[in-house]
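> Quick one, structure for this:
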Amino acid sequence: MTGALAPTKPLTAVDRCDRCGAQAYIRASLPMGGELLFCAHHGRRHIAALRDKGADIQDESARLSETPATTER
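Below is the predicted model of the structure:
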């Protein structure tokens, strides 16, 4: 499958930024095939140019501002 119908897998701690090696929160699937992974910092820097070139962007950087669930007693 390709394009909007292709399922995207969630990014995990194993996925690393192609620029600096930090945890990846953004995946850019390139129209000619392949993908690039970015941390939030490098993703923000490159996301507009990648979109202009037709990349599909999976942005999970909002997870950085989520608060962990607490257990109630």
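
> from here on, contacts and neighbour counts on C-alpha atoms
Will do.

> Name the helix or strand for residue 41, please.
Per DSSP states H and E, residue 41 falls inside helix 40-52.

> any idea of the mean pLDDT in the helix or strand following that helix?
Next in sequence after helix 40-52, counting helices and strands by DSSP H and E, comes strand 56-59. The pLDDT scores in strand 56-59 average 97.

> quick one: low-confidence ranges for this protein?
Confidence mapping of the chain against pLDDT under 70 gives the ranges 1-7, 70-73.

> ok, back up a step: other residues contacting the helix holding residue 41?
Applying Cα atoms under 8 Å, 6 or more residues apart in numbering, the external contacts of helix 40-52 come out as 19, 24-26, 28, 57, 61.

> can you do 10 Å?
Under the contact criterion Cα atoms under 10 Å, 6 or more residues apart in numbering, helix 40-52 has outside partners 17-20, 22-31, 36-39, 53, 55-57, 59-62, 64.

> Inside strands: which ones of these?
Using DSSP state E, 26-29, 36-38, 56-57, 59 are the members of the contacts of helix 40-52 that sit in strands.

> Closest to residue 9 out of those residues?
residue 27 (9.9 Å; Cα to Cα).

> What distance do you get for the residue most central in space within the chain to residue 69?
Taking Cα atoms, centre = their mean as the criterion, residue 26 is the residue nearest the geometric centre of the chain, at 1.5 Å. Per Cα to Cα, to the nearest Å, residue 26 is found 23 Å from residue 69.

> what does residue 59 give?
For residue 59, the distance to residue 69 equals 22 Å [Cα to Cα].

> Which one's more surrounded, the two?
Neighbour count, other Cα atoms under 10 Å: between residue 59 and residue 69, residue 59 has more, with 20 against 6.

> what is that one paired to in the beta sheet?
Beta-bridge partners for residue 59, by DSSP bridges, are residue 26.

> Contacts for stretch 12-25 next, please.
10-11, 26-27, 35-43, 58-64.

> For ChimeraX, write the selection for the buried entries among those residues.
Selection of buried members from these for ChimeraX, criterion 16 or more other Cα atoms under 10 Å:
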select :11,26,27,36,37,38,39,40,42,43,58,59,61
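
> Fine, thanks again, bye for now.
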